[in-house]
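> what follows is a predicted structure for the sequence shown.
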Amino acid sequence: MKKTAKERLKTLIEDVVKDDPKITGIEEKDIVVLPTLKEEFGEFYTNIAFRMKNKFPSPMEAAEYIKTNILKLNPPCIKKIEVKNGFLNFFLSDEFYLKLISEIANGNTSSLKPPPVNKKFLIEFVSANPTGPLTIAHGRQAAFGEALARILKYAGADVTKEYYINNAGRQIKLLGESLRARYLQLKGIDCPIPESGYEGEYLIEIAKKVPCKDIDFESFAAENILDDIRADLKKFGVSFDRWVSELEFFRTGMVDKLLKHLEEKGFIYSAEGSKWFKSSLCGDEKDRVVVKSDGSYTYLASDIAYHKDKIERGYDLLVNIVGPDHHGYIPRLKAVAEVLGFNPENLNFIIVQLTTLYRGKEKLSMSTRKGQFISLKQLMDEVGPDASKFFFIFRKADSHLDFDLELAKKQSIENPIYYLQYAYVRMKHIIEFAKEKGMETGSADLSLLKEQEELSLTKYISKFPDTIEAVVKSYGIHLLAEYLLDIAKLFHSYYHKHRVVSEDKKLSSARLVLTHALLTVFSLSLNLLNISLPERM
RNA sequence: GCGCCUGUAGCUCAAUGGAUAGAGCAUCUGCCUUCUAAGCAGAGGGCUGCCUGUUCGAGUCAGGCCAGGCGCACCA
């Protein structure tokens, strides 16, 4: 695997620092190289001089010392190093950049890869109960999970996407009773929906499909709803490697077996007519019921079995993407992990906050009970899957999201998804236009790319792997979306200031190479974000 | 009452403990004979909710307040 520019710089610093008696107390983790936010500071910087203040009179002098020693090695990728305010700022050589875009434009994208993530991930997400249609909250989780999985995979991780179907328990029982009531109502028999049952109209539609009164209403309802959920997700462009059924953990006896085992080990005890899991031993505020006094199981009981199953399948990291209504559930699952011998730190929860829908200024209040809610399907029908996905992911997961339906439909600069797509179409169009004119890029002289915008764009391309790395580290998908918007802005600006295809054949060729490289980064990024691109606009 | 999340420009939001806190929208001013103006250039706009710490350095970390959202089941 090819080293990124950042890694190369890090190695250089390590080499200089490692065996120098004047420099002590610096460990590998102290050597941090980061992309800069401003061009005046070069492309990367390190703050290592601040870590060495005891050995040198000032960070400035430490920085100068390191700078001198790095330059002695005469590294080819560095144009210059500047010491400013104690920071070492690295400016990479033109050759490095020109080689980079030349490779990318020619289809060799190895330099766009981040340092490999050699880990096995299991990402569980959506996992909505099959008791009703997917909501926009599920939509945001779905968009997030799919994009995260794609980015992790791109970074080299082994990723499994999983949907856990809660098709057992009280809610499903209520669902079955609600469907039965709807069915009987259709037959003219007065039968009320049970208390706190499901009153949504979708059950009437399903009731129409019920063949006779002797069916298993629970599984009939759940299966029908699950079919809709699958169809919605498919339309949304979200797929799963596995669909795991809660019922199976009961059918195979795994739940009973596991609870018994945990009881023998003293993690489960009986009290007040129920059985309790001692989650308070591992950080939960209180113990939790696993077997109710009526002998039925709580959700936690089967979830223990599910997580045991996850752990046994052998993953380095278990990622659960959940809504904010589940946050109280996290400590007990962490306790489950600990009791089952899995490091709770490797059981990660990503809480995707809620979305508030607006239609312009008007806030759409939603209430499932009153049947006033917008489903994911309705959202897709109104603004389209791509715009929906983009709005869902271009904000941090733990930020509440305001989603304006009017804005998402607008075809103007106000709407970032159109801004991106327009940039993409422009790139494609330029390349096609050049092709019609019979332009060639094969023997382009890239040293002709001297404009400030061209250099900025090139540097931005080189930061792609760093962006991916940052996403992997923080699960912050929005960073990639923002990166893309930044490139789009730079490109639009470049487009207006300079012509790619002109009378100057040599210059045109060089600029076409850059455009090709940009297009590659654009397609790749949008693919990772699971957003499709139009051929024309 | 307890827990989680949030609080940054008029609005919606970025910013991995780094340098002068950045974008977009909105407002104002310019720009189409050109590879798509669904676009571009420029201007104004800030006590990062408040207070105390930790640090060479805090929007970021810790503690305490204030405000908003969401949870606190033998539901899932």
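Noted; the coordinates are in hand.
> now do the domain split for chain A, please.
Residue ranges for each domain of chain A read A:5-92, A:125-247+A:353-409, A:413-528, as given by automatic domain parsing.
> end to end on the second one, go ahead and measure it.
End-to-end distance of domain A:125-247+A:353-409 (C-alpha to C-alpha, to the nearest Å): 27 Å.
> is RNA strand B contacted by that domain?
Yes. Using C-beta under 7 Å from any atom of the strand, domain A:125-247+A:353-409 reaches RNA strand B at A:129, A:166, A:169-171, A:246, A:353-354, A:395-396, A:398-402. C-beta here means a position set from N, CA and C on the backbone, and glycine is covered the same way.
> from these, pick the one nearest residue A:288.
Of all those, residue A:288 sits closest to residue A:169, with 14.9 Å by C-beta to C-beta.
> count the residues that sit near that closest one.
Counted with other C-beta atoms under 10 Å, the burial measure for residue A:169 works out to 18 neighbours.
> residue contacts, it?
A:246, A:296, A:297, A:298, A:299, A:302 (C-beta atoms under 8 Å, 6 or more residues apart in numbering).
> so whichever residue of chain A sits closest to RNA strand B, which state does it fall into?
For chain A and RNA strand B, the shortest gap (C-beta to the nearest atom of the strand) falls at residue A:413, measuring 2.4 Å. Residue A:413 carries the three-state label coil when classified by DSSP: H, G, I helix; E, B strand; the rest coil.
> drop anything exposed from the contacts of residue A:169.
Neighbour counting over the contacts of residue A:169 (16 or more other C-beta atoms under 10 Å) leaves A:246, A:297, A:298, A:299, A:302 as the buried ones.
> OK, contacts around the first one?
The neighbours of residue A:246, taking C-beta under 8 Å, 6+ apart as the test, are A:164, A:165, A:166, A:167, A:168, A:169, A:302, A:306.
> gap between it and residue A:171?
Counting by C-beta to C-beta, to the nearest Å, the separation of residue A:246 from residue A:171 is 11 Å.
> please apply the same query to residue A:470.
39 Å.
> so who does the residue nearest to residue A:250 when sequence neighbours are not counted touch?
Once its chain neighbours are removed from consideration, residue A:250 has its nearest residue in residue A:168; the separation is 6.0 Å (C-beta to C-beta, 6 or more residues apart in numbering). Residues in contact with residue A:168 (C-beta under 8 Å, 6+ apart) are A:246, A:247, A:250, A:297, A:302.
> okay if I get those residues as a markdown table plus pLDDT?
Below are the contacts of residue A:168 laid out as a markdown table (pLDDT from 0 to 100):
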| residue | pLDDT |
| --- | --- |
| A:246 | 96 |
| A:247 | 95 |
| A:250 | 96 |
| A:297 | 95 |
| A:302 | 96 |
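> what about those, which are in helices?
A:246, A:247, A:250, A:302 (DSSP state H).
> contact partners for the last one?
In other words, residue A:302. With contacts defined as C-beta under 8 Å, 6+ apart, the neighbours of residue A:302 are A:168, A:169, A:246, A:249, A:250, A:255.
> what does the third one give?
Residues near residue A:250 by C-beta under 8 Å, 6+ apart: A:168, A:297, A:302.
> and the residues you listed as TSV, adding distance to residue A:265?
Putting the contacts of residue A:250 into TSV (distance: C-beta to C-beta, whole Å) gives the following:
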residue	distance to residue A:265
A:168	25
A:297	19
A:302	19
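> pLDDT wise, what is the residue nearest to residue A:250 at?
As summarised for this prediction, residue A:168 has a pLDDT of 92.
> repeat for the one 3 residues further on
What the model reports as pLDDT for residue A:171 is 92.
> so it sits against residue A:130, correct?
No. Counting by C-beta atoms under 8 Å, residue A:130 is not a contact partner of residue A:171; they are 9.3 Å apart.
> so where is the stretch 251-400 of chain A shaky, pLDDT-wise?
Within the stretch 251-400 of chain A, the stretches with pLDDT under 70 are A:365-373.
> ignore what I typed, I meant the stretch 1-150 of chain A.
A:1, A:53.
> and it, which of its residues are near RNA strand B?
Contacts of the stretch 1-150 of chain A with RNA strand B, taken as C-beta under 7 Å from any atom of the strand, map to A:34-37, A:40-41, A:45, A:47, A:50-51, A:53, A:59, A:84-87, A:89, A:129.
> now, those that are in strands?
Secondary-structure check on those using DSSP state E: residues within strands are A:34, A:35, A:45, A:84, A:87, A:89.
> for residue A:10, what are its contacts?
Shown here is residue A:10, whose contacts under the criterion C-beta under 8 Å, 6+ apart are A:31, A:33.
> Three-state assignment for it, please.
Strictly by three-state DSSP, residue A:10 counts as helix.
> ok, back up a step: next, give phi and psi for the nearest residue to the residue of chain A closest to RNA strand B once chain neighbours are set aside.
With C-beta to C-beta, 6+ apart as the measure, residue A:419 is the residue that lies nearest to residue A:413, at 5.8 Å, once sequence neighbours are left out. Recorded main-chain torsions at residue A:419 are phi -60, psi -40, according to degrees, to the nearest 10.
> contacting residues around residue A:419?
Taking C-beta under 8 Å, 6+ apart as the contact definition, residue A:419 lies against A:413, A:485, A:488, A:489, A:492.
> what residues of the host helix or strand of the third one count as buried?
The reference is to residue A:488. Following DSSP states H and E, one finds residue A:488 within helix A:478-497. Of the residues in helix A:478-497, those scored as buried under the neighbour-count criterion (16+ other C-beta under 10 Å) are A:478-481, A:483-485, A:487-488, A:490-491, A:494-495.
> and those residues, which is closest to residue A:147?
Among the buried residues of helix A:478-497, and counting by C-beta to C-beta, the member closest to residue A:147 is residue A:480, at 7.9 Å.
> quick one: the closest one from residue A:465, how far?
In this structure, residue A:480 and residue A:465 are 12 Å apart, going by C-beta to C-beta.
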